[in-house]
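[1] structure for this input, please:
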Amino acid sequence: MRSESIGIKLCLAFILGIVIMIPCSNLNLAYPQVSGKKPINLALTLWVPNFIAYIAQEKGYFDKNNADVNITLVQDYANAVRGYDDGEYDGMFIVYSDALIQDSEGINTKVVYNIDTSYYADAIIGSVENLTEVKGKKVGVEGINSFSHIFMLRSLENVGLSEEDVEFANILGKDIPDAIVNGRIVAGHVYEPFITEGIKKNLNILSTGADIPGTITNVLVFRSYIVDQRPQDVMNIIKSLIEAKEDFDKNGTQDIEIMSAESGLNRSLIEEGLNNVKFLDLDYNSKYSMNSKLNESISLYDSGNSIAKFYTERGVFSEYPNIENIVDPGFVKDLMTKKNLQ
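    Down below sits the predicted model:
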């Protein structure tokens, strides 16, 4: 009996030791995983902050973290979204408002990380001196009920105007500068390189993304079933991108060369693209982007509800979405916990 008792105690001690060791070594970063799966296909678009994925790839962060991923650069943003719709890509870097549209159309989607937010890459330019002067006049946006439309409305609200104070014209961003010069509109939403083109035509910058942070923001999304079935792979991808961003902060010159070589864009365009956005890190994601209690547009919850209200009122969404079912803060929380314990 004594030997059986000792054996049982040793067995229990061994099991207890394993139970104690697992949380300490993995720090909640180990997830149930479906094995034997093919690499996750991730679409990049020609938005410079997305090229952080090239740093993760070329400097070995994906390999280091066992991130089972294939990245594909898609030149046309609409084609990337279409590929995500069709299941060609399991995840992508996408404008947040478009991610909400995907989910509303039945492409169950999880937003897992906020890559960047537009500061000076998006602007309202015009022939007037101040944005308040557009009251009672016609302004241009690239698509009614689009993120361009949202950007214009937020910019107007920021100076005390509303949708009823202006008339909208649907004009491509590249055509906005000429439309202003020709008197078709007095102001419009543009992005680079058309901001620079507008300045060359002696137009004024009336507002930028920095005035309404979080309005146009770029996020990493995956189809919900990928997050559910392969959470460890998703975690490894996010972790690799965070480490690549940290590498960029230390080795910017070298990493811009990698971005240029892999994307085919020249160095000056890469630098300009990075200067015009706020490139976000894990701390920012934890404190602001993934903070459901923050009533500011830099929170994906706050801005998401604002976007949802806009689209629901206009019939783009058939029903009001639950943003908490779309934004998944779990990966950021776990990575932040590990960082704080280091």
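
[2] contacts only, for residue 55.
    61, 244, 245, 247, 248, 255, 258, 259 (Cβ atoms under 8 Å, 6 or more residues apart in numbering). To be clear about C-beta, it is placed using only N, CA and C from the backbone, and glycine gets the same treatment.

[3] quick one: the helices in the stretch 51-200 of the chain, in order.
    With helices called from DSSP state H, counting those that start in this stretch, the stretch 51-200 of the chain shows them at 52-58, 61-64, 77-86, 96-104, 147-158, 176-181, 194-200.

[4] kindly format the C-alpha coordinates of the second one as PDB.
    Included here for helix 61-64 are C-alpha records, laid out as PDB according to Å, rounded to 0.1, in the frame of the first residue of the first chain:
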ATOM      1  CA  TYR A  61      10.600  36.900 -38.400                       C
ATOM      2  CA  PHE A  62       8.000  34.700 -40.000                       C
ATOM      3  CA  ASP A  63      10.400  31.800 -39.900                       C
ATOM      4  CA  LYS A  64      11.500  32.600 -36.300                       C
END
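
[5] name the residues that touch that helix?
    55, 56, 67, 69, 236, 237, 240, 241, 243, 244, 247.

[6] quick check, nearest of the residues you listed to residue 41?
    Distance ranking of those against residue 41, using Cβ to Cβ, places residue 69 first at 7.8 Å.

[7] hang on, that closest one packs against residue 38?
    No: if you go by Cβ atoms under 8 Å, residue 69 and residue 38 don't touch, sitting 10.5 Å apart.

[8] quick one: which of the two has more around it?
    Each of residue 69 and residue 38 has its neighbours counted (other Cβ atoms under 10 Å); residue 69 has more, 20 against 8.

[9] gap between that one and residue 58?
    13 Å (Cβ to Cβ, to the nearest Å).

[10] could you say which helix or strand holds residue 308?
    helix 300-313 (DSSP states H and E).

[11] now the helix or strand that that helix is followed by: buried residues?
    Sequence order places helix 330-341 as the next helix or strand after helix 300-313, per DSSP H and E. In terms of neighbour count (16 or more other Cβ atoms under 10 Å), helix 330-341 has its buried residues at 330, 331, 332, 334, 335, 336.

[12] quick one: average pLDDT of helix 330-341?
    Averaged over helix 330-341, pLDDT sits at 96.

[13] in terms of secondary structure, what does it contact?
    Secondary-structure packing of helix 330-341 (3 or more Cβ pairs under 8 Å, 6 or more residues apart in numbering; DSSP states H and E): strand 109-118, helix 231-250, helix 282-284.

[14] in the second one, which residues are buried?
    Think helix 231-250. Buried positions in helix 231-250, judged by neighbour count with 16+ other Cβ under 10 Å: 231-245, 247-248.

[15] what's the angle from it to strand 109-118?
    Computed with axes from the mean of the first three to the mean of the last three Cα atoms, to 10 degrees, the direction of helix 231-250 lies at 10 degrees from that of strand 109-118.

[16] what about helix 231-250, distance to the chain center?
    14 Å (Cα atoms, centre = their mean, to the nearest Å).

[17] mean confidence score for that helix?
    98.

[18] can you name the next helix or strand after that helix?
    Sequence order places helix 252-263 as the next helix or strand after helix 231-250, per DSSP H and E.

[19] just want the angle from that next one to helix 231-250.
    Going by the same axes, to 10 degrees, helix 252-263 makes 130 degrees with helix 231-250.

[20] neighbouring contacts of the helix or strand just after helix 252-263?
    As assigned by DSSP H and E, the chain's next helix or strand after helix 252-263 is helix 267-275. Applying Cβ under 8 Å, 6+ apart, the contact partners of helix 267-275 are 47-49, 51, 120-121, 192, 256-257, 259-260, 263, 265.

[21] again, only using 10 Å
    46-52, 116, 119-121, 192-193, 196, 248, 252-253, 255-261, 263, 265-266 (Cβ atoms under 10 Å, 6 or more residues apart in numbering).

[22] which among those end up buried?
    Buried members of the contacts of helix 267-275, scored by 16+ other Cβ under 10 Å, are 46-52, 116, 119-121, 192, 248, 255-256, 258-260, 263, 265.

[23] ok, the residue most central in space within the chain to residue 331 distance?
    Nearest residue to the geometric centre of the chain (Cα atoms, centre = their mean): residue 219, 1.4 Å. The gap separating residue 219 from residue 331 is 12 Å, by Cβ to Cβ.

[24] find residues that contact each of the two.
    Contact with both residue 219 and residue 331 is made by residues 112, 113, 285, according to Cβ under 10 Å, 6+ apart.

[25] ok, residue 76 to residue 46 distance?
    Where residue 46 is concerned, residue 76 sits at a distance of 8 Å (Cβ to Cβ).

[26] correction: residue 110
    Residue 110 is 24 Å from residue 46, by Cβ to Cβ.

[27] now do the domain split for the protein, please.
    Using automatic domain parsing, the domain ranges for the chain come out as 40-118+215-341, 122-211.

[28] end to end on the shortest one, go ahead and measure it.
    According to Cα to Cα, to the nearest Å, domain 122-211 extends 10 Å from its N-terminal end residue to its C-terminal end residue.
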